[in-house]
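Colleague: here is a sequence with its predicted model. Questions after.
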Amino acid sequence: MVKLFTSGQLEKFRQKILANKPGKRSISISCGTCGQARGALKVAEAFKEAAKAHKDKISIKLTGCHGFCEAEPNVIIFPEEIFYRNLKPEDAEIVVKSILDGDIADGLIYRENGNSFIHVHEIPFYKKQMRILSGKNPLIDPVNIEDYIAQGGYKAMAKALCKKPEGIIEEIISAGLRGRGGAGFSTGRKWEITRSQKGDIKYLICNADEGDPGAYMDRSLLEGNPNLIIEGMIIAAYAIGANESWVYVRNEYPLAVENVTAAIKQARELGLLGEDILGSGFDLNIKIAKGAGAFVCGEETALITSIEGKRGIPKQRPPFPAQYGLFGKPTNINNVETLANIPVIIDKGADWFAGIGTKTSKGTKIFSLVGNVRNTGLVEVPMGITLREVIFDIGGALNSETVKAVQIGGPSGGCIPQELFHLPVDYESLTGAGAIMGSGGMIVMDENTCMVDIARYFTNFLQEESCGKCSICREGTQRMHEILTDITEGRGKEEDLDLLKDLGSVIKDASMCGLGQTAPNPMLSTLEYFRNEYIAHIKEKRCHAGICKALIQYLIDPKKCTGCGLCKKNCPQQAVEGEPKKPYSILQEKCIKCGVCYDVCKFNAVGKENREVKNA
Amino acid sequence: MTKTSKFAKDLVKKHSGFLIPILQDIQEHYNYLPEEALRGVARESGKALRDVYGVATFYSTFSFTPKGKYIITVCLGTACHVRGGTKIVDVLTKELGINPGQTTKDLKFTLQTVHCLGCCAIGPIVMVDREYYGQMTPQKTLDQINKLIKKRKKNG
């Protein structure tokens, strides 16, 4: 590989790559973790085979996630940007033939509500998005740095290295970028504080410990476009004056680790990392630290102790990491998505960036739109878009009557009811509604979701993940979980609701780190907006969503049952009895309420009903 | 010096004494953290055994008992939970006769849960070893496990 010593050489290298790009059609196959889970690699093999004889006309690229997870495995044909969804290996030949014929493979294009959509930008899922960070994923093979450079990669870094660090910080401040990891602190200010600390040794850490269940945009960025993060890290490190940096990434993301490792190696070989980057005199090393499965390590001080090789337990602040961080040195920690914004801001300018979004929240935010919507996936939208637009227009929620709420911000966030879907997506309005922007998980819940169960689910998660250092969080999350479990199992009392509220406010006020301070949010927000569900569980012992197992039982309707025996055959508990051609029945004492019979019955004969629960 | 002690010694050197990557490599190699290896790490790195043990018990990746040949991981992230991930755990618990975190006596299956694999859009997710299966139901999971059991019988 060549080595680049100046920004001029980088530019020449880019021109050379672009000149070598033959004017052929390119098939971009979405091969992120989600895609692979749905067989994208087999589809990719089939495409390679089908296009083998046409290498002069068609090239094939295995890329990171295209965002539209529901349509995986999907491919985009460039330059026309024709979108094909949910492909199987046998479809490869049809698509290749259509390309050669200059035609469209009609049977495989995207359809929604009876309409067909050929091109990416026409599809409702993509139409309202503004993909300034994630949009390049389909154009880039993540383990080929040349693809990134061809797309203008490292141009912003070259530009930044010619400026004074203070000038870059000023630009990030005036762009109005705020941290995408959760709390939303000004990124530029954070850099300024670290830069202003005395001492020669400073560190930068990229926080890729994406622990919030339901959020995976950082994984997608690291997997699909690792060089974007590396470029952001170089600019950030230069601005704060750090020569050593770490990417702290979850161990549960093997593909992200693999791709970012490959990208670091290639950047180093090209001279874009290491000593005297592009002749600027600036040195930077990036190391990878893999997490070991502790949610609390997403908290800055816990993350630092984890890299140091200790138990990942948070520390009292101040001193802040910017003053006394990794190995006692000033340390700046930014989230993956925050760093992804940096090259974009430097490239396009602070004014351009500040022109997107609302007064207090600038730029775009990537959300993982999942749960009970039709179009699940990663959506990148300008700040200020309303929740309704995201959930209904982009997500294509099936029925506005059945959508109950959206959970935003993971275990630190809250549930926002449909009545508030007119709210714009920005830091302040989400916090005002009892949720938080958080890392950007957006889980849509419908009438089949029990809000009490959701509160119990999150408190269970948090009591397991509480590090145990401060008693209020350790004990408080456990007590919340016990009370919520009692309610979901029919042992709740009305006075429990006041107790929960009190407990929640104490945990919020008295916990040491962010985990505890936000732990009551899921419970408090569901209690505020869905109190009627809590009351139904307590007074009537009913779970309307049919989720809380202790309150329901499965029954077979003898009128609807055709005696086909499918439920009996599939029951893992042998809890279904009866003879073929006659109505079956369920032995309640054997039933574990797994719902297999409910799922397999083709005649809707299996139903969930509330069962009698005696007061404890 | 036994093979395990030598292995521990090499890892301490390779990772300059940083505990977490050392323990990760031991876990990867043995499928769990053998006592001998932990003692070796403490000796070679000059750390107290209690500190090594303290770190090993803090992180959920590490296990002190050998894991099974097939590791079945059910994702219980929020999106998977909403779409019925816990039902899959219930069915597997019954089918394999073990609770999450446990391994069958014949060391063939380990059942574990995780709080998010980051494939939320296609949940519920079940991961068998390194392979992901999306949009699973209790039924589909059982079919998959039964396939594995059959394969295991065939291969002895």
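Modeller: Now that the structure is in, tell me what you want to look at. Residues are numbered from 1 along each chain as shown, chains lettered A, B, ... in the order given.
Colleague: in chain A, where is pLDDT below threshold?
Modeller: Chain A contains residues with pLDDT under 70 at A:22, A:398, A:612-616.
Colleague: for the longest strand seen in chain A, output the C-alpha coordinates as PDB.
Modeller: In chain A, taking DSSP state E as the definition, the longest strand is strand A:364-371. Taking Å, rounded to 0.1, in the frame of the first residue of the first chain, the C-alpha atoms of strand A:364-371 are listed here in PDB:
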ATOM      1  CA  THR A 364     -29.700  14.800  12.700                       C
ATOM      2  CA  LYS A 365     -30.200  11.900  15.100                       C
ATOM      3  CA  ILE A 366     -30.300   8.200  14.300                       C
ATOM      4  CA  PHE A 367     -33.000   6.300  16.000                       C
ATOM      5  CA  SER A 368     -33.500   2.600  16.000                       C
ATOM      6  CA  LEU A 369     -37.200   2.300  15.200                       C
ATOM      7  CA  VAL A 370     -38.300  -1.100  16.400                       C
ATOM      8  CA  GLY A 371     -41.100  -2.900  18.100                       C
END
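Colleague: pull the contacting residues for residue 132.
Modeller: Picking chain A for this. Contacts for A:I132 (CB atoms under 8 Å, 6 or more residues apart in numbering or on different chains) come out as A:V344, A:I356, A:G363, A:T364, A:E380. The C-beta positions use only the backbone N, C-alpha and C, and glycine is treated the same way.
Colleague: look at chain B instead
Modeller: B:Y132 neighbours (CB under 8 Å, 6+ apart): A:T33, A:Q36, A:A37, B:L117, B:C119, B:I125, B:V126.
Colleague: can you check the pLDDT for it?
Modeller: Predicted confidence (pLDDT) for B:Y132: 89.
Colleague: and what of the one 10 residues further on?
Modeller: On pLDDT, B:L142 comes in at 87.
Colleague: wait, A:G413 touches A:M523, no?
Modeller: No - judged on CB atoms under 8 Å, A:G413 makes no contact with A:M523 at a distance of 11.6 Å.
Colleague: strands of the stretch 51-200 of chain A, start to end?
Modeller: With DSSP state E, counting those that start in this stretch, the ranges of strands along the stretch 51-200 of chain A come out as A:58-63, A:75-78, A:82-84, A:110-112, A:115-117.
Colleague: so of the contacts of B:Y132, which ones are in strands?
Modeller: If you go by DSSP E, those have B:V126 in strands.
Colleague: can you list the contacts of B:Y132 in JSON lines and add neighbour count and distance to A:M233?
Modeller: Shown next, in JSON lines, are these (neighbours: other CB atoms under 10 Å in any protein chain shown; distance: CB to CB, whole Å):
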{"residue": "A:T33", "neighbour count": "27", "distance to A:M233": "22"}
{"residue": "A:Q36", "neighbour count": "21", "distance to A:M233": "26"}
{"residue": "A:A37", "neighbour count": "24", "distance to A:M233": "29"}
{"residue": "B:L117", "neighbour count": "26", "distance to A:M233": "25"}
{"residue": "B:C119", "neighbour count": "30", "distance to A:M233": "26"}
{"residue": "B:I125", "neighbour count": "30", "distance to A:M233": "30"}
{"residue": "B:V126", "neighbour count": "27", "distance to A:M233": "34"}
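Colleague: A:K61 and A:K469: what is the separation?
Modeller: Noted for A:K61: a distance of 47 Å to A:K469, by CB to CB, to the nearest Å.
Colleague: ok so, going back, any idea which of the contacts of A:I132 is closest to chain B?
Modeller: A:E380 (14.4 Å; CB to the nearest CB).
Colleague: before we move on, what SS does that closest one have?
Modeller: strand (DSSP: H, G, I helix; E, B strand; the rest coil).
Colleague: burial count for it?
Modeller: 21 (other CB atoms under 10 Å in any protein chain shown).
Colleague: next: the one 5 residues further on.
Modeller: By other CB under 10 Å, the residues close to A:I385 number 23.
Colleague: and if you look at B:K13?
Modeller: B:K13, neighbours per other CB under 10 Å, totals 12.
Colleague: how's the chain carved up into domains?
Modeller: I'll assume chain A. Domain assignment for chain A, taken from automatic domain parsing, gives A:23-139, A:153-352, A:364-446, A:451-540, A:549-610.
Colleague: my bad, the chain I had in mind was chain B
Modeller: According to automatic domain parsing, the domains of chain B span B:3-58, B:70-154.
Colleague: what helix or strand is A:G476 on?
Modeller: Assigned by DSSP states H and E, A:G476 belongs to helix A:471-488.
Colleague: ok, back up a step: weakest of the domains of chain B by average pLDDT?
Modeller: Mean pLDDT per stretch puts domain B:70-154 lowest among the domains of chain B, at a mean of 88.
Colleague: just how off-centre is that one within its chain?
Modeller: Centroid separation between domain B:70-154 and its chain, computed with CA atoms, centre = their mean, to the nearest Å, is 12 Å.
Colleague: quick check, A:W246 in contact with A:A289.
Modeller: Yes - the pair A:W246 and A:A289 passes the contact test of CB under 8 Å, sitting 5.1 Å apart.
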